[in-house]
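**Student:** only geometry, no sequence info:
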């Protein structure tokens, strides 16, 4: 076997005399400088030396809810966050940032925020010919009308909508769905464990310690949102199921998904500061569900499930042979049944949450915009 | 929720005024009319009414080892095998079939055979600008020099080499590897259960019945080759591992893969007709391996494994928590570790063998040739 270093280039044939095109220089702006946005900047810095396409990216704007920088000259991804922290506080103004993209060449807007206001702008950006790469699930996972507006704008302008980061943090879920459809397949059903935090909680909720103790543990490990009730409500899982089902060719209104929240109403109503003391309210009902599952040799999993005519998100007691019952850690796990995969599903599993993989998915999509020819 | 029928078109936006391009008419020839080739023809017939791209395909030649038809006018996929059976027997002559492709427009040669001679021609066809779509693993899974010739010819001519059917029968394995590489990722290791028949045999080899009885059962169910020693030798699994590792960017000679055949030498040497009576030779060594595995709570799986510096194919006793230990039936199951997926792997599982899914993978690749712009 050749040494790995020599072998790396094997994907590009040796000895071939190819017209190697210079990467298309693209200008891009980044909205959101939290964990995912920061990880994206770090990834660009790390990948650029070995990926000419990444090295050719020109970052010309960065913004979060309080500050922004926009520049005609390229910003340094390694130092831009320090630079941003020195900028004066100002109101959010996406247009002021987008202005730095100019009017020519490939232009990319990256949404690494969770902002409803920005998600509402995605279709408009696409209509103006700006590629949009999003980790923000409120774009395609929000109202059906918004999803349609995004798809229509992308089709009409030819700009690309990169969404790999919105479900499974870049696991090949949406890409696989689209490839199956392109090959003439029909998606009959989708079922998935789509939340890393709920996957971990279900796998570790073994009756030895109360659920509330596991929840505090998961929060301390950084697996949940700062307010874990957001995870437990199922709202985020619903958005992911909407994106999957819509991408599979099924028009699904938000209201068509039944969501079974794990949070009892009295707990849901408490202010954040008081809620942590009240996590114990979760214990009795979940102990009961666990007990019932264990008596029949089943496993509790928080599952999103779509089939034409029914979509739901909630806790299920699964047979150990169920494709979604295995898996551990914070892994996402999604099964697709289609005309082709009718008896046994196609299953994709892996880390589906976390800043590093989400950022990698964003950069995948940015590079894909350029591979498609840019503009 | 909308009715499914109305919802199907959702992937194409409604109300959008799109310049709908007529599908590019492509001419294609098919080599191999066994189970996979026949299933491909059936799939084209079934998918064409709802897939304009498939309907626009013009089949102009079909050949197997004994007969051929080549026609300037399009052949009917539904009736061509009956037509072929009436053709006079003749020697194999790929060029006589390829001639029907003419010189203009998109041209596609589909290799659904297992022919060494045809695999040796793939690079030449590509160099002539003919797209090649192959289920034949002897192209990219043969000598490294042949793999390089295929890659070089495709890169130089711009013709596409469709290989989704060669590993996992269209499971999104090679596509996923390439997408990871395109995003700047590095593949660190690959491990997989790559044989449907061996997956079934391992999952059902429980000590209740001897291995040889399970082997006869698998053969009767059509899970194995007519001579099951071909499955048990590991040669086919080696070819798949070579294709995966090479596609992941690692130059791997055939000889670099250690293969542990399950077939004892005395059994391997018997002629086919005598071999079936001698399957019992398999029982004692496999009973011992199973016993050892069971004593430590492990599961036997026939695994292909690659990491830089080592590639091997053989029986392994896996911990139940191992990503390859679960799964059932004839499912393939492949784990990728990369820079991005370093702690927990990306795992893809599903039916990875069988004429129907293999044929679907071939048609995916045919349609992809045209989606890329044809020629």
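**Tutor:** Ah, there it is. As the structure is a computational prediction, the values presented were derived from the model and not from experiment. Residues are numbered from 1 along each chain as shown, chains lettered A, B, ... in the order given.

**Student:** measure the spatially closest residue to residue A:96 that is not a sequence neighbour to chain B for me?
**Tutor:** Spatially, and ignoring its direct neighbours in sequence, residue A:96 is nearest to residue A:70 (6.0 Å; CB to CB, 6 or more residues apart in numbering or on different chains). To be clear about C-beta, it is placed using only N, CA and C from the backbone, and glycine gets the same treatment. Using CB to the nearest CB, to the nearest Å, one gets 26 Å for the distance from residue A:70 to chain B.

**Student:** repeat that for residue A:147.
**Tutor:** If you measure residue A:147 against chain B using CB to the nearest CB, the figure is 9 Å.

**Student:** what strand or helix carries that residue?
**Tutor:** Using DSSP states H and E, residue A:147 sits in helix A:144-157.

**Student:** what is that helix packed up against?
**Tutor:** helix A:122-127, strand A:161-162, helix A:235-247 (3 or more CB pairs under 8 Å, 6 or more residues apart in numbering or on different chains; DSSP states H and E).

**Student:** to chain B, which of the ones you listed lies closest?
**Tutor:** helix A:235-247 (6.3 Å; CB to the nearest CB).

**Student:** buried stuff in that closest one?
**Tutor:** A:236-247 (16 or more other CB atoms under 10 Å in any protein chain shown).

**Student:** next structured bit after that helix?
**Tutor:** The first helix or strand that comes after helix A:235-247 along the chain, using DSSP H and E, is strand A:257-259.

**Student:** if we look at that following strand, which residues are touching it?
**Tutor:** A:233-235, A:237-238, A:241-242, A:311-314 (CB atoms under 8 Å, 6 or more residues apart in numbering or on different chains).

**Student:** restrict these to those near chain B?
**Tutor:** residue A:311 (CB under 8 Å from any CB of the partner chain).

**Student:** do a quick rundown of the helices in the stretch 51-200 of chain A.
**Tutor:** Shown for the stretch 51-200 of chain A, the helices assigned by DSSP state H, counting those that start in this stretch span residues A:52-55, A:80-86, A:94-98, A:116-119, A:122-127, A:144-157, A:174-182, A:196-204.

**Student:** format those helices as JSON lines; extra columns: mean neighbour count and mean pLDDT.
**Tutor:** Shown next, in JSON lines, are these (neighbours: other CB atoms under 10 Å in any protein chain shown; pLDDT from 0 to 100):
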{"stretch": "helix A:52-55", "mean neighbour count": "16", "mean pLDDT": "88"}
{"stretch": "helix A:80-86", "mean neighbour count": "13", "mean pLDDT": "93"}
{"stretch": "helix A:94-98", "mean neighbour count": "17", "mean pLDDT": "93"}
{"stretch": "helix A:116-119", "mean neighbour count": "17", "mean pLDDT": "96"}
{"stretch": "helix A:122-127", "mean neighbour count": "22", "mean pLDDT": "98"}
{"stretch": "helix A:144-157", "mean neighbour count": "19", "mean pLDDT": "97"}
{"stretch": "helix A:174-182", "mean neighbour count": "20", "mean pLDDT": "94"}
{"stretch": "helix A:196-204", "mean neighbour count": "23", "mean pLDDT": "93"}
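
**Student:** how about these in JSON lines, adding distance to residue B:276?
**Tutor:** Shown next, in JSON lines, are the helices of the stretch 51-200 of chain A (distance: least, CB to CB, whole Å):
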{"stretch": "helix A:52-55", "distance to residue B:276": "56"}
{"stretch": "helix A:80-86", "distance to residue B:276": "69"}
{"stretch": "helix A:94-98", "distance to residue B:276": "71"}
{"stretch": "helix A:116-119", "distance to residue B:276": "64"}
{"stretch": "helix A:122-127", "distance to residue B:276": "63"}
{"stretch": "helix A:144-157", "distance to residue B:276": "57"}
{"stretch": "helix A:174-182", "distance to residue B:276": "39"}
{"stretch": "helix A:196-204", "distance to residue B:276": "46"}
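
**Student:** can the single longest helix found in chain A be found next to chain B?
**Tutor:** Assignment by DSSP state H gives helix A:355-371 as the longest helix of chain A. Yes: interface with chain B: helix A:355-371 contributes A:356-357, A:360-361, A:363-364, A:367-368, A:371 (CB under 8 Å from any CB).

**Student:** with stretch A:195-213 instead?
**Tutor:** No: Stretch A:195-213 does not reach chain B (CB under 8 Å from any CB); its nearest approach is 10.7 Å.

**Student:** residues in contact with residue A:67?
**Tutor:** Per CB under 8 Å, 6+ apart, neighbours of residue A:67: A:84-85, A:87-90.

**Student:** mind doing that once more with 7 Å?
**Tutor:** A:84, A:87, A:89-90 (CB atoms under 7 Å, 6 or more residues apart in numbering or on different chains).

**Student:** per-residue confidence at residue A:352?
**Tutor:** On the pLDDT scale, residue A:352 is placed at 86.

**Student:** now do residue A:328
**Tutor:** Residue A:328 carries a pLDDT value of 75.

**Student:** and the gap between the nearest residue to it once chain neighbours are set aside and residue B:132?
**Tutor:** Ranked by CB to CB, 6+ apart and with sequence neighbours excluded, the top spatial neighbour of residue A:328 is residue A:203, at 5.5 Å. From residue A:203 across to residue B:132, the span is 45 Å (CB to CB, to the nearest Å).
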